[in-house]
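Novice: turn this into a structure:
(one chain, ligands or ions: 2)
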Amino acid sequence: MKIKILAIESSCDDTSAAIVSDDGIILSNIIANQNVHIKYGGVVPELASRAHQQNIIPVVKFALEESKINKSDLNAIAYTRGPGLMGSLLVGTSFAKSLALALNIPIIEVNHLDAHIFANFIKEKISQKIPSFPFLCLTVSGGHTQISIVKSFSEIEIIGKTIDDAAGEAFDKTAKILGLPYPGGPLIDKYAKIGNPYAFKFAQPNIKDFDFSFSGLKTSILYFIKNKLNENREFVNNNLNDICASVQNSIVEILINKMILAIKHTGINQIALAGGVSANSGLREAFLTLNSTNPNIQTYIPKIQYCTDNAAMVAITAYYKYIDNKFGSQVDAPYSRQSTTNN
Ligand code: KG4
Ligand code: ZN
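Specialist: Ligands and ions are numbered 1, 2, ... in the order given. Coordinates of the predicted model:
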């Protein structure tokens with residue numbers, strides 16, 4: 001079977017287009033980041049949708065050019081249907097539907113969280129190892145934090161999720177407290193690399209089963225910093241690396257401890273990481289060393305470029321939907337809220 005699918009991701013503030021080909025090989029993955037949000041300290045939805053409108057045509061053009069594919073070679077157009085910012089989703093959705101109509105080919109709708117999970121199936125060469133079902137997945141992004149049992153491409157059981165902030169928000173809100181620009185996660189990661197993770201201790205949540213909570217940690221960090229700044233106005237400047245390393249260590253500990261609990265409870269030894277926060281070097285390292293406690297554990301983490309929002313993850317999810325004959329319809333409307341689908 002010869003497959004060529006163009007996928008579009010526009011759920012938040014990155015405009016991305018990718019091409020997937022036979023055997024699930026990604027031929028191109030173009031991402032345009034939006035710098036307009038930096039000065040506002042967070043994503044401004046109206047500015048995001050306008051930037052998507054400006055970026056989408058050149059991004060798709062580059063993706064086609066890089067993969068040396070003609071529009072006429074495409075078998076389907078895939079797009080992120082939700083969850084995400086409605087204005088942003090509408091740009092990708094309308095573009096995908098129009099192009100599919102013009103080319104007279106089917107569309108495939110993809111759930112953003114499913115796409116993060118199936119980023120673990122992205123192959124750059126045929127021999128690449130991918131997970132087999134069932135596996136446990138820890139999805140950690142700017143809007144979601146959850147542990148799921150992934151039973152097949154269409155059956156995902158969420159067994160735990162955050163009851164307040166997402167892990168990415170914990171990074172971003174801490175960065176804000178420290179006066180760092182948005183998105184703070186990558187910067188905290190950068191400073192943490194040269195800091196002492198045990199320099200400062202913050203409150204650890206006590207939440208049942210596989211659920212998470214990060215708002216207590218955020219408050220603990222906020223009051224800690226306020227008190228220290230009252231004693232010494234230069235506290236953050238003088239201790240930035242150690243603060244970042246200690247915060248990162250606390251977040252990673254919360255995530256890893258829940259994952260260990262889920263492995264013990266389910267007896268599933270194949271584990272995967274997904275979502276923007278899985279780009280974090282501390283989390284990647286802790287995740288990879290989980291099998292030092294149990295040599296049977298097999299770990300999967302997407303390459304860094306497939307962790308934060310990208311269209312390659314939409315393309316690979318669409319590839320398996322295409323094989324399964326799971327096509328969307330022109331009347332499918334985008335949705336802003338919803339966790340992983342069971343479609
Ligand atoms: O998956 P994603 O790109 O967008 C959403 O679907 O939310 O995740 C974005 C989140 C942001 O909170 C960002 O700060 C965080 O991922 N992030 C990181 C790192 N890279 C991105 N957090 C910690 N360390 C990183 N290296
Ligand atoms: Zn995402």
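Novice: over in the stretch 51-200 of the chain, which residue gets nearest ligand 2? Let me know.
Specialist: Nearest to ligand 2 in the stretch 51-200 of the chain, going by C-beta to the ion, is Ser141, at a distance of 4.4 Å. (C-beta placed from N, C-alpha, C; glycine too.)
Novice: now the stretch 1-150 of the chain, which segments are flagged as low pLDDT?
Specialist: 1 (pLDDT under 70).
Novice: where do the strands sit along it?
Specialist: Secondary structure of the stretch 1-150 of the chain, counting by DSSP state E, counting those that start in this stretch: strands at 5-9, 14-20, 26-33, 76-82, 107-111, 135-140, 145-152.
Novice: give the residue farthest from the middle of the chain.
Specialist: Ranked by distance from the centre of the chain (C-alpha atoms, centre = their mean), the top residue is Glu231, with 38.4 Å.
Novice: which bits of the chain sit near ligand 2?
Specialist: Ser141, Asp309 (C-beta under 5 Å from the ion).
Novice: please redo it, this time with the cut-off set to 8 Å
Specialist: Listed as neighbours of ligand 2 in the chain under the rule C-beta under 8 Å from the ion: 11-12, 84, 112-113, 115-116, 141-144, 275-276, 308-309.
Novice: what's the spacing between the closest residue to Asp164 other than its chain neighbours and Asn310?
Specialist: By the measure of C-beta to C-beta, 6 or more residues apart in numbering, the closest residue to Asp164 outside its immediate chain neighbours is Ser215, 4.1 Å from it. Counting by C-beta to C-beta, to the nearest Å, the gap from Ser215 to Asn310 is 29 Å.
Novice: over to Lys226?
Specialist: From Lys226 to Asn310 the distance is 37 Å (C-beta to C-beta).
Novice: between the two, which has more neighbouring residues?
Specialist: More crowded of Lys226 and Asn310, by other C-beta atoms under 10 Å: Asn310, with 26 against 11.
Novice: following the chain past the longest helix along the chain, name the next helix or strand.
Specialist: Identified as the longest helix of the chain according to DSSP state H is helix 235-266. Following helix 235-266 in sequence order, the next helix or strand is strand 270-274 (DSSP states H and E).
Novice: now the angle from that next one to helix 235-266?
Specialist: 150 degrees (axes from the mean of the first three to the mean of the last three C-alpha atoms, to 10 degrees).
Novice: what is the end-to-end distance of stretch 169-185?
Specialist: With C-alpha to C-alpha, to the nearest Å applied, stretch 169-185 spans 8 Å between its terminal residues.
Novice: what segments of the chain are helices?
Specialist: Using DSSP H, helices in the chain cover 45-67, 86-103, 112-118, 167-177, 184-192, 215-231, 235-266, 281-288, 312-323.
Novice: how about the longest helix of the chain, does it get close to ligand 1?
Specialist: No. Using C-beta under 6 Å from any ligand atom, helix 235-266 stays clear of ligand 1, with a minimum separation of 7.5 Å.
Novice: can you give me the mean pLDDT across that helix?
Specialist: Confidence for helix 235-266, expressed as mean pLDDT, is 97.
Novice: got the buried residues for it?
Specialist: For helix 235-266, burial by neighbour count (16 or more other C-beta atoms under 10 Å) applies to 235-236, 239-252, 254-256, 258-259, 262-263.
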